[in-house]
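Here is a sequence with its predicted model. Questions after.
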Amino acid sequence: MTEIRLQDEAWEETEEDTEGLVDEWHVKVGDKVDAGQLLATVIVAKTKFEVLAPSAGVVAELMVPAQENFPRGQALATLTT
Amino acid sequence: MSEIEQAGRRVVPMTGLRGVIARTMSKGWEAPRVALGLDVEMTAAIAKAKQLTGELGAKISVTHLILAALARTLRSHPRLNAIVGAQGVEEFSAVNIAVAVNTADGLVAPVIRDTHEKSVGELAAALANLAERARAGGLPPSAYQKGTFTLSNLGASGIDWVTPVINPPQVAILGVGRTRDAVVVRAGTPAVAQVATLTLVFDHRAIDGYPAGLFLRDLGADLAGTGA
């Protein structure tokens, strides 16, 4: 099981209570994904980030729905490998 | 941003940057806001911009002079250089002005750090750099944070004045309209001068009308060349 998180660089030098926003999921539970595949588009402040699959696997759970905020460190999804 | 097109109708979803703007504006709109306006003679500022453009070999605009005047005035009116925080109104000695920048995707407001420590030439370079990177989507999230005041100069769009929405959690924002020819009265005689309307919108929870008015008066005097 791999937990998917937003890359650390997104949070660099941001204010403590900064939240991210899942703008769009590009996969759904049960989808097979390849390493490097686009999973989600996330916005922090006004900057867009792409969250990519670190390895091949199957999407087990999406923890933050699209258009919802999440705090620093929050897992966004899990992949079974 | 995906768009849905049907016969004669286009729906632009409030997601992506549009969604972020929508949330930010709704939050800013929660403030009990007051707008104050002042017409300011820009003749001296325009001459100064022209002079500096020649001296520095870089395009200096009225916006850059407004930024410099804002930073000076905010230093002497720290109540406007503030945010509404969890514990109350937090005033800052350092001036970090967020500047509204129009991009293809929508409005962003990157922050010029330590605006008060920069010369007009440095402000011009900093703003050009931020605007270019913002338009390319290349600014990190932190570049949009920790602003203490916001400037929205809509003059280039041709409007006379604007009451912008406060950029939360900041307590105030300045809107600037175009510089236009207007009739002013000097020693009882009408004359034509170049004038711009400055509009200060502030959060009345954090500051009252009189001190906010004094801030706008001092800013106007600075820009007109009759102040500091």
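Sure thing, it's come through. Numbering: from 1, shown residues only, chains lettered A, B, ... in the order given.

CA atoms for contacts and neighbours, from now on please.
Noted.

So which residues on chain A come close to chain B?
Within chain A, the positions near chain B by C-alpha under 8 Å from any C-alpha of the partner chain are A:10-15, A:23, A:43-48, A:67.

Looking at those residues, state which has the most neighbours.
Per-residue neighbour counts (other C-alpha atoms under 10 Å in any protein chain shown) across these peak at residue A:46, which has 27 neighbours.

re the thing from before, now the two most distant members of the residues of chain A next to chain B.
A:13 and A:67 (23.6 Å; C-alpha to C-alpha).

Identify the residues contacting the residue most central in space within chain B.
Centroid check for chain B by C-alpha atoms, centre = their mean gives residue B:151 as the closest residue, at 1.0 Å. Going by C-alpha atoms under 8 Å, 6 or more residues apart in numbering or on different chains, residue B:151 touches B:67, B:97-100, B:173-176.

and those, which are buried?
Buried members of the contacts of residue B:151, scored by 16 or more other C-alpha atoms under 10 Å in any protein chain shown, are B:67, B:97-100, B:173-176.

what helix or strand does residue B:211 sit in?
helix B:209-224 (DSSP states H and E).

Alpha carbons only: can I get that helix in PDB?
Output of helix B:209-224 as PDB, limited to C-alpha atoms (Å, rounded to 0.1, in the frame of the first residue of the first chain):
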ATOM      1  CA  GLY B 209     -12.700  55.800   8.800                       C
ATOM      2  CA  TYR B 210     -10.800  58.800  10.200                       C
ATOM      3  CA  PRO B 211      -7.400  57.200  10.500                       C
ATOM      4  CA  ALA B 212      -8.000  55.400   7.100                       C
ATOM      5  CA  GLY B 213      -8.800  58.800   5.600                       C
ATOM      6  CA  LEU B 214      -5.600  60.300   7.000                       C
ATOM      7  CA  PHE B 215      -3.700  57.500   5.400                       C
ATOM      8  CA  LEU B 216      -5.300  58.100   2.000                       C
ATOM      9  CA  ARG B 217      -4.700  61.900   2.300                       C
ATOM     10  CA  ASP B 218      -1.000  61.400   3.100                       C
ATOM     11  CA  LEU B 219      -0.700  58.900   0.200                       C
ATOM     12  CA  GLY B 220      -2.300  61.400  -2.200                       C
ATOM     13  CA  ALA B 221       0.000  64.200  -0.900                       C
ATOM     14  CA  ASP B 222       3.100  62.000  -1.400                       C
ATOM     15  CA  LEU B 223       2.100  61.100  -4.900                       C
ATOM     16  CA  ALA B 224       1.200  64.600  -5.900                       C
END
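
Show the pLDDT at residue B:226.
What the model reports as pLDDT for residue B:226 is 63.

just residue B:77 next, same as before
Residue B:77 is given a pLDDT of 98.

before we move on, back to that, and which of the residues of chain A next to chain B is nearest residue A:59?
Nearest to residue A:59 among the residues of chain A next to chain B, with distances taken as C-alpha to C-alpha, is residue A:23, at 17.8 Å.

contact partners of the helix holding residue B:211?
Counting by C-alpha under 8 Å, 6+ apart, helix B:209-224 makes contact with B:34, B:36, B:38-45, B:65-66, B:69-70, B:73-74, B:77, B:80, B:198, B:200, B:202, B:227-228, all of which sit outside it.

could you redo the last one with a cut-off of 7 Å?
B:40-42, B:44-45, B:66, B:69-70, B:73, B:77, B:200, B:227-228 (C-alpha atoms under 7 Å, 6 or more residues apart in numbering or on different chains).

Go through the residues you listed and name the one nearest residue B:130.
Closest to residue B:130, out of all of those and judged by C-alpha to C-alpha, is residue B:66, at 17.0 Å.
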